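Colleague: requesting a structural model of the entry that follows:
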Amino acid sequence: MTKAPHPLTFPDYRAYLVARFASTLAQNAMVVVIGWQVYDIARRTMAPKEAAFQLGLIGVAQFVPLLLLTLVVGWTADRIDRRWIARCAVLLEASCAATLAWLAWTDTTSLPALFGIASLLGVARAFAGPALGALAPNLVPAASLPTAIALGSIAWQTGGIIGPAAGGYLYAHSHWMPFTVASILFLTAFTGLMMIGPIPRTTLDRKANPWRQMVDGLHYVRHNRIVFGAISLDLFAVLLGGATAMLPIYARDVLHVGAEGLGHLRAAPAFGAASTALWFAFRPLKNDVGVKMLAAVAVFGLATIVFGLSTNLLLSLFCLMMLGIADMFSVYVRQSLIQLSTPNEMRGRVGAVSSLFISGSNELGEAESGFLAALVGPVAAVVAGGVGAVLVAGLWSRWFPELRNARTFTPAPIENPTLATAQETKS
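Modeller: The predicted model follows:
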C-alpha cells in the first residue's frame, strides 16, 4: 500500500495552515479580552450574578448571526469560491479588531460597543467556518486528510494556547495592544489565504432553486447517521460542559488570579488539545474510532466536574488541560468522520450545519453557563454541566450505535436518497 503524502508537501496547504494559525491566534487573544472587559465593566455597577448574566448575553450576541445565516453561508460556500469567502471574513475580523483597539486607546469602550462588535465577529465566523472547513479537503488527497485535520488542529489549538495568554498579558500592559496585534495577525491570515491557488469548483447546479439547495444540506446531515450523531454529540456535550465560559468569574472571584491568571486558565485546555493533535499528526488514530470518541466525551465531563469544585489553581489548570485533551480527541474523530463521509459538493452546506452546532455548543454554552451561574452560582453551574456531558456520552452511545460501531474513518454508504439519486444521474 502506497503511503499517503504528508500534507505539508503541498504549498497551498502550508499557506492555509499559516492563515489558520494567525487567525486563530488573533481570535483567541480578542475573545479572552472581550470576555474580561464585559465582566469587568459589568462588575463596576453590578453584583457578580448580574455580571455573569452579561457574560451569557455576549454568547448570545455571537450566536444569533450564525443561527440566522446558517443556510445562506453553507450554500454560499458551495456556490462561490471558498477562498474569497474566507478572505472577506478575515478582513471583517481585522476591522473589528482595529475598532476595539481604537476604543481602548480612547478609553471609550462600553458594553453596547462590545456587544455590537461581538455580533459582527459572529457574522465573520459564520462565513469563515464553512468556507475554511470545506476548503481544507480540496488542498490535500483524501488519504492525507486525517493528518491534515490533525495539523490544522495543532494550528488551531496552538493559537488557543498562545492567544489567551498573550491577550491577557498585552491587555495588562496596555488595553489597546491585544487588539492592535490581532489586527496585524488577521492581515497576515489574509495574506496566507491570498497565496492559495485555484481549487476544484463544486458541481452545484446553478439553475436549481437556491432555497432547495440550502435545505439539502440539512437533509443530508439528518439522514447520515454518522454525521448527525457526531455533530449533535459535540453540540450537547459542550453546551452542557462549557466550563470555559465561566473562566472570567473563576479568575476574578473564585481563584483570585486576575487578568494574567485568566490567560493561563484559557491556555490550559488548548495546551492539552495541541499536545493531543501533535500526537495524532504523527500517529493517526486507525481503530475503534467511534467508541474512543464517546469515551473522550465522558472524560471531558469528568474533568469539568473536578474543575468546577476546585479552588486550587494548579488543580484547576490540570483539569482544564485534561478537558482539552479529551475535547481534541473528540474533535479529531468527529471532523475526520464528517469530512470523509461528505462529498465535495455538499461540504459547504454540511460545514455550515456543523458550524451552527459547534457555535451552538460554544456561544450558547456560554449563554447557558452564564444564565445558570446567575441563578445558582458558577460552581454549581459548572458541576451540573459536567454531569450532563457524561450523561450525553452514555445516551449517544445508545441512540447512535453507528458511532459506537465505527471502527475506522472509512466513509459510510450514502443514506440520503436525494443525494444518491443526484449522483446516479451524473454517472
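Colleague: what's the burial count for Asp107?
Modeller: 8 (other C-beta atoms under 10 Å). The way it works is simple: take the backbone N, C-alpha and C, and place the C-beta from them, glycine included.
Colleague: no no, Lys286
Modeller: Using other C-beta under 10 Å, Lys286 is surrounded by 10 other residues.
Colleague: secondary structure class for it?
Modeller: coil (DSSP: H, G, I helix; E, B strand; the rest coil).
Colleague: which ones are touching it?
Modeller: Thr408 (C-beta atoms under 8 Å, 6 or more residues apart in numbering).
Colleague: make it 6 Å
Modeller: Lys286 makes no contacts at all, as judged by C-beta atoms under 6 Å, 6 or more residues apart in numbering.
Colleague: can you check Thr45 too?
Modeller: Shown in contact with Thr45 (C-beta under 6 Å, 6+ apart): no residues.
Colleague: gap between it and Leu103?
Modeller: Distance of Thr45 to Leu103, given as C-beta to C-beta, to the nearest Å: 19 Å.
Colleague: just for the stretch 101-250 of the chain, where's the confidence low?
Modeller: For the stretch 101-250 of the chain, applying pLDDT under 70 flags the ranges 153, 157, 160-161, 200-218, 239, 241-242.
Colleague: for it, which segments count as helices?
Modeller: Assignment of helices within the stretch 101-250 of the chain using DSSP state H, counting those that start in this stretch yields the ranges 111-135, 145-173, 177-194, 210-223, 225-240, 247-249.
Colleague: highest mean neighbour count out of those helices?
Modeller: Highest mean neighbour count among the helices of the stretch 101-250 of the chain (mean count of other C-beta atoms under 10 Å): helix 247-249, with a mean of 28.
Colleague: now do the contacts for the nearest residue to Ser330 once chain neighbours are set aside.
Modeller: Sequence neighbours aside, Ala296 is the residue nearest to Ser330 in space, at 4.5 Å (criterion: C-beta to C-beta, 6 or more residues apart in numbering). Residues near Ala296 by C-beta under 6 Å, 6+ apart: Ala326, Phe329, Ser330.
Colleague: and the residues you listed as CSV, adding pLDDT, neighbour count and distance to Pro178?
Modeller: Listed next are the contacts of Ala296 as CSV, based on pLDDT from 0 to 100; neighbours: other C-beta atoms under 10 Å; distance: C-beta to C-beta, whole Å:
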residue, pLDDT, neighbour count, distance to Pro178
Ala326, 90, 28, 28
Phe329, 85, 25, 30
Ser330, 83, 26, 29
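Colleague: out of those residues, which sit inside helices?
Modeller: If you go by DSSP state H, the contacts of Ala296 have Ala326, Phe329, Ser330 in helices.
Colleague: among these, which one lies nearest to Gly116?
Modeller: If you rank the ones in helices among the contacts of Ala296 by distance to Gly116 using C-beta to C-beta, Ser330 comes first, at 33.1 Å.
Colleague: which residues does that closest one contact?
Modeller: Ser330 makes contact with Met293, Ala296, Val297, according to C-beta under 6 Å, 6+ apart.
Colleague: which of those sits closest to His264?
Modeller: Of all these, His264 sits closest to Ala296, with 23.6 Å by C-beta to C-beta.
Colleague: please report how far the residue nearest to Ser330 lies from Ile325.
Modeller: Taken as C-beta to C-beta, the span from Ala296 to Ile325 is 8 Å.
Colleague: same thing with Arg252?
Modeller: Counting by C-beta to C-beta, the gap from Arg252 to Ile325 is 26 Å.
Colleague: give me the more crowded residue out of these two.
Modeller: Just comparing Arg252 and Ile325: by other C-beta under 10 Å the higher neighbour count belongs to Ile325, 23 against 20.
Colleague: so who does the closest residue to that one other than its chain neighbours touch?
Modeller: Distances taken as C-beta to C-beta, 6+ apart place Gly272 nearest to Ile325, at 4.0 Å, with adjacent residues excluded. By C-beta under 6 Å, 6+ apart, the contact set of Gly272 is Met321, Gly324, Ile325.
Colleague: what sits closest to the first one if chain neighbours are left out?
Modeller: To tie it back to what came earlier, the one meant is Met321. Gly272 (3.8 Å).
Colleague: contact partners for Ser95?
Modeller: By C-beta under 6 Å, 6+ apart, the contact list for Ser95 is empty.
Colleague: what's the helix or strand for it?
Modeller: helix 82-105 (DSSP states H and E).
Colleague: alpha carbons of that helix, as CSV, please.
Modeller: Output in CSV follows, covering the C-alpha atoms of helix 82-105 (Å, rounded to 0.1, in the frame of the first residue of the first chain):
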residue,chain,number,x,y,z
ARG,A,82,-14.3,29.4,-0.9
ARG,A,83,-11.0,31.3,-0.8
TRP,A,84,-12.7,34.6,-1.3
ILE,A,85,-15.4,33.9,1.3
ALA,A,86,-12.6,33.2,3.9
ARG,A,87,-10.6,36.3,2.8
CYS,A,88,-13.6,38.7,3.2
ALA,A,89,-14.5,37.2,6.6
VAL,A,90,-10.9,37.7,7.8
LEU,A,91,-10.9,41.3,6.7
LEU,A,92,-14.1,41.9,8.6
GLU,A,93,-12.5,40.4,11.7
ALA,A,94,-9.5,42.7,11.2
SER,A,95,-11.8,45.7,11.1
CYS,A,96,-13.5,44.6,14.3
ALA,A,97,-10.1,44.3,16.0
ALA,A,98,-9.0,47.7,14.8
THR,A,99,-12.2,49.3,16.1
LEU,A,100,-11.7,47.7,19.5
ALA,A,101,-8.1,49.0,19.6
TRP,A,102,-9.3,52.5,18.8
LEU,A,103,-12.0,52.3,21.6
ALA,A,104,-9.4,51.1,24.1
TRP,A,105,-6.9,53.8,23.0
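Colleague: now the helices: where do they sit in the stretch 251-400 of the chain?
Modeller: 258-282, 289-309, 313-340, 347-359, 365-376, 378-399.
Colleague: export the ones you listed as a markdown table, with columns for distance to Ser174.
Modeller: Supplementary listing: these in a markdown table, determined by distance: least, C-beta to C-beta, whole Å:
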| stretch | distance to Ser174 |
| --- | --- |
| helix 258-282 | 12 |
| helix 289-309 | 31 |
| helix 313-340 | 26 |
| helix 347-359 | 31 |
| helix 365-376 | 26 |
| helix 378-399 | 29 |
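Colleague: so for Ala52, which of these sits nearest?
Modeller: helix 365-376 (4.3 Å).
Colleague: what's the mean pLDDT across that closest one?
Modeller: Across helix 365-376, pLDDT averages out at 70.
Colleague: go on, stretch 380-391?
Modeller: Mean predicted lDDT for stretch 380-391 stands at 89.
Colleague: which parts of that stretch are buried?
Modeller: Residues of stretch 380-391 classed as buried: Ala381, Val382, Val383, Ala384, Gly385, Gly386, Val387, Gly388, Ala389, Val390 (neighbour count, 16 or more other C-beta atoms under 10 Å).
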